[in-house]
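# Here is the input, now give the coordinates:
(one chain, ligands or ions: 1)
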Amino acid sequence: MKKRGFGQGKWNGFGGKVETDETIKAAALRELEEESCLKASDAELRGKITFTFLTIPEVLKVHVFEALGPIKGEPQETEEMKPQWYAESEIPYEKMWADDKYWLPLFLEGTRFKALFEFDDESTLLRYDLDTVPEGEEL
Ligand SMILES: CNc1ncnc2c1ncn2[C@@H]1O[C@H](COP(=O)(O)OP(=O)(O)OP(=O)(O)O)[C@@H](O)[C@H]1O
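The predicted structure is shown next:
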């Protein structure tokens, strides 16, 4: 549960912005640790998503990674996030970003994907494009 800022109140993945002189993967591992206190050994890129909003001039480019083990630590609540486990059959899509129900099931079944989601404001999804990407093909 994101406690502050963009997407506040929604159940969300751990993540955030890449810093100068940092790879995207290093940023994902750093944000995971900062927001959950979990330290993953590595991470594998599984999807790329572009988000646009009519109300925001910037385009958001999001890389979705799977955390690889061994994973050290226990999930802890932090200033930014309140972690919570859900059974796959009980994921609360209605309390998440409107795009998540389209791509998270693919992620969970191990399918790689590329997507574009166009939002009006933060609550209205206008249209989307979603393609699966075969193993071995560049994302
Ligand atoms: C629009 N539809 C969306 N659907 C699903 N997930 C979305 C999302 N939009 C943003 N996200 C995710 O939300 C996290 C915080 O993103 P974002 O606001 O950039 O970062 P955050 O405020 O934490 O940044 P810093 O920690 O300050 O770097 C990050 O995991 C990002 O993947």
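
# So out of everything in the protein, what residue is nearest the ligand?
Nearest to the ligand, among the residues of the chain, is residue 15, at 2.1 Å (CB to the nearest ligand atom). (C-beta placed from N, C-alpha, C; glycine too.)

# Now do that residue against residue 85, distance only.
Computed as CB to CB, to the nearest Å, the residue 15 to residue 85 distance reads 18 Å.

# Same drill for these two, tell me which one is more crowded.
For residue 15 and residue 85, the more surrounded residue by other CB atoms under 10 Å is residue 15, and the numbers stand at 17 against 6.

# Any residues of the protein in contact with the ligand? List them.
Selection of the chain residues close to the ligand by CB under 6 Å from any ligand atom yields 5-7, 12-13, 15-17, 51, 60, 62, 97, 99-100.

# Repeat the analysis, applying 5 Å as the threshold.
5, 6, 12, 13, 15, 16, 17, 51, 62, 97, 99 (CB under 5 Å from any ligand atom).

# Could you identify the buried members of these?
Neighbour-count burial (16 or more other CB atoms under 10 Å) is assigned, among the residues of the chain next to the ligand, to 12, 13, 15, 51, 97, 99.
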